[in-house]
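Have a look at this fold, sequence not included:
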């Protein structure tokens, strides 16, 4: 249904395009060749047409956003600005912003800043949402790559370009100030930016200096409602000899003697399905173990600054020194309400009528439960990140046809996080629950609901107190040279090398304690917090509960109270971080490439071919938290030759085709290589905990890529294009799980302590193929009547098909076979459509994006539901209006997520699972409105 209105609108625009194409083509063909090649427009149209020109002139397949695009769409960061680019899919819209991005369904785009690889702390990628849209001059999304580009990132490359002073003719000052209203948080948030730039003609050449600074703040509220995981229960009449009582929960047992959790498709859902319990085939029902409500209050700040000094002593050389800083300050408070829904005691007298099954299944839809336990948790988390890039760049023209570029950059990035949480426990309550009360959301109520907000009815439970610190730095040097010819087959030779020396370190601290013999009302620290209005009236559920609020507490005073039950608990001045890993990686790359041109049927065929050599040496130090941080050292090395080839043929002046072949890599994340265990206790009290460990033998995933594109630039400001592509990927990393007994481990000794764990480790155990088709249209008709002059459309659709092998493992973690699955994060269909208007002082855009449901992740193998966590279709309708008071000042109004779309998950694997019977969670996505002013004086 979501596709139909946009499809009809696109069809109408396509018909309009065809009706005027002949007239438009005649106009283009009649124009002089240089006039037809240079598209000169202003306003909103300039941003869209500027992106079209980048694609037209590039050898590779590139889609772009130019500065007008970022500045005038209702976007606060780079990820949000990219969501309307062909082939881009975005998700994870919590916190009033979009955080995750894929290119053609692949989740690992390489992020570069002015062509330089950047990262956050000890990671191998950069948090792209930390780059303010206010700092950006242009964003290029490379779907294909040549040998002179970095080799990592199977998805492609996203290059963010900042402004530099010699881009301007002289003194320029520009800025913006916006107030953004968050509907769910009921808060107003600032978004401000200022750019000051000037250049001077001096006796030693042109000198320019620029400073561009941005500050954004957001206060937000995430509201998430979740039906718990599926687990088996006895029927109302358990089989004799099974030892079960009516509706008793059937635990798997420490060694899975009763049933195996985490099967790909979960336990069978047919009526009468059985488990072998005590040697007896015993029918079972599937029901949920809990219901969970999360009401998270967050705030974040992002200061950022870009400063550049340029010197052009003559027409043949430019020297640039620049610094780029991005910061992040985040604090969240999660008001978590968790109620078990698995207790089989205190059942209603008429047990058979206390529950309802979905027809034709053994799945319980609704039930009445007596005396269920529950807890709340007040979780406070903080995060602080500072990332710096310092760079020097020199460009020299060598004669009329030669060029040399040298670049040296140093990066430094630090991130520190903390987590401080206090659980509170209540006494048993009767619960009536419908796991899908409508729209994929549970509805439920308690018999004595006022207990939820009475602090005297809650006892002070476990303390969780941990943190992490990650640091990273890199020194990178690049040298590139090229020489061009105007005639003959060989038109350009380019060669260069890149050396990168990278360091990354990760540290953790972790402690905790059991509960105190106090009620929350008696707790001497802080003030209890009671939320209100949870879930905006969209579900029949409790909307308020009380819990401990660490934000109002002296943390060391709390730790002293808990020392009565955990004497070894440390205070803040006694805490130290334990080192998890330290890595030094050196990367040496060299390439050579050549461009050629010849004529076929009187039309130019442009060719580009090259090869890139990459040698990587890595020294790993890993430290075992379970063994007093004992160190293990591993050294590895690898070498790769990566070829690339591109052909571009101009069938006519305005119709061209492109073909590209290339090979790219995805190197393992540093943390995925750490073989030491990271454990989590039995938080849901299912009989075992979970854990993860890396794999020091992981190798780089390699992809062989092919693209074929056709582009028709049928009118001066318009084009239609299509790209077919395929990625054959070898060595995909997938998680493998095994149950392990780990005695005397480092976890705190409270009721969540366990010595049995489901341990997950990554392995290069999958191969896959991703293929698809991109369609794009940009159309600004030139023949419309006066009142419609300035109307245009830009939109695109991406069709994807993916398949990868998934290993099947036994209880010992051994691979016994394979199954087939879609790639994570791949929607089979996504599209975006923007209707733009730009005439006189008014500029407006109405944008709609939609993507089909997709496999988001696999859940931990702890339960009886299908392992796949699928995301329901996602959409967003956004609007932007600009009223230019004069040529220097404009007033803006933005609206994002106008339709108040939600984000929903459900369980599914293969043919098993759906959003109705296997519903999981629903997240309310914020709707925001912004009013602002922009100015530019030069």
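Looks like it came in fine. Since this is a predicted model, take the numbers as computed values, not measurements.

which SSE is residue 781 in?
Using DSSP states H and E, residue 781 maps to neither a helix nor a strand.

From residue 832, how far out is it?
Counting by Cβ to Cβ, to the nearest Å, the gap from residue 781 to residue 832 is 20 Å. Using the backbone N, CA and C atoms, a C-beta is placed for each residue, glycine as well.

repeat for residue 819
From residue 819 to residue 832 the distance is 33 Å (Cβ to Cβ).

Comparing these two, which shows the higher neighbour count?
Neighbours around residue 819 and residue 832, counted as other Cβ atoms under 10 Å, are more numerous at residue 832. The numbers are 23 against 13.

mind listing what the residue nearest to the spatial centre of the chain touches?
The centroid of the chain falls nearest to residue 100 when counting by Cα atoms, centre = their mean (1.8 Å). Neighbour list for residue 100: 79, 90-92, 107, 825 [criterion: Cβ atoms under 8 Å, 6 or more residues apart in numbering].

Please indicate which of those are buried?
79, 90-92, 107, 825 (16 or more other Cβ atoms under 10 Å).

Turn the residues you listed into JSON lines, including secondary structure, pLDDT and distance to residue 867.
Formatted as JSON lines, these follow (DSSP: H, G, I helix; E, B strand; the rest coil; pLDDT from 0 to 100; distance: Cβ to Cβ, whole Å):
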{"residue": "79", "secondary structure": "helix", "pLDDT": "82", "distance to residue 867": "28"}
{"residue": "90", "secondary structure": "strand", "pLDDT": "84", "distance to residue 867": "25"}
{"residue": "91", "secondary structure": "strand", "pLDDT": "81", "distance to residue 867": "19"}
{"residue": "92", "secondary structure": "coil", "pLDDT": "83", "distance to residue 867": "20"}
{"residue": "107", "secondary structure": "coil", "pLDDT": "87", "distance to residue 867": "18"}
{"residue": "825", "secondary structure": "coil", "pLDDT": "90", "distance to residue 867": "16"}
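
can you give me the helices for this structure?
3-30, 33-37, 44-57, 67-72, 78-82, 555-562 (DSSP state H).

Lowest mean pLDDT across the ones you listed, which one is that?
For the helices of the chain, mean pLDDT drops lowest on helix 33-37, to a mean of 35.

By mean pLDDT, point me to the weakest helix or strand of the protein.
Within the chain, no helix or strand scores below helix 33-37, which has a mean of 35 by mean pLDDT, DSSP states H and E.

for the contacts of residue 100, which one is nearest residue 202?
residue 79 (40.5 Å; Cβ to Cβ).

Distance check, that closest one against residue 934.
Taking Cβ to Cβ, one finds residue 79 at 21 Å from residue 934.

residues touching the closest residue to residue 61 other than its chain neighbours, list them.
Leaving aside its sequence neighbours, residue 61 sits nearest to residue 143 (Cβ to Cβ, 6 or more residues apart in numbering; 4.3 Å). Residue 143 makes contacts with 60-63, 87, 103-104, 156, 707, 723, 725, as judged by Cβ under 8 Å, 6+ apart.

run the last query once more with 10 Å
60-63, 86-87, 103-104, 155-157, 660, 705, 707, 709, 723, 725, 774 (Cβ atoms under 10 Å, 6 or more residues apart in numbering).

Over to residue 246?
Neighbouring residues of residue 246 by Cβ under 10 Å, 6+ apart: 233-238, 344, 347, 351-352, 354.

quick one: which of those residues is nearest to residue 119?
Taking the contacts of residue 246 together and measuring to residue 119 by Cβ to Cβ, the closest member is residue 233, at 47.5 Å.

Report the beta-bridge partner residues of that closest one.
In this entry, residue 233 is beta-bridged to residue 249, residue 285, by DSSP bridges.

gap between the top strand by length along the chain and the chain center?
For the chain, the longest strand by residue count, based on DSSP state E, is strand 402-438. Relative to the chain's own centre, strand 402-438 is displaced by 12 Å; criterion: Cα atoms, centre = their mean, to the nearest Å.

okay, and for the stretch 451-600 of the chain, where does confidence drop off?
The model of the stretch 451-600 of the chain has no residue with pLDDT under 70.

which residue ranges form the strands in it?
458-484, 490-513, 529-530, 546-547, 578-600 (DSSP state E, counting those that start in this stretch).

likewise the stretch 801-938 of the chain?
815-821, 829-839, 842-851, 854-858, 868-871, 874-884, 889-896, 902-909, 912-913, 919-924, 928-937.

could you check the distance from the closest residue to residue 532 other than its chain neighbours over to residue 340?
Computed as Cβ to Cβ, 6+ apart, the closest residue to residue 532 that is not its neighbour in sequence is residue 544, at 5.0 Å. Computed as Cβ to Cβ, the residue 544 to residue 340 distance reads 20 Å.
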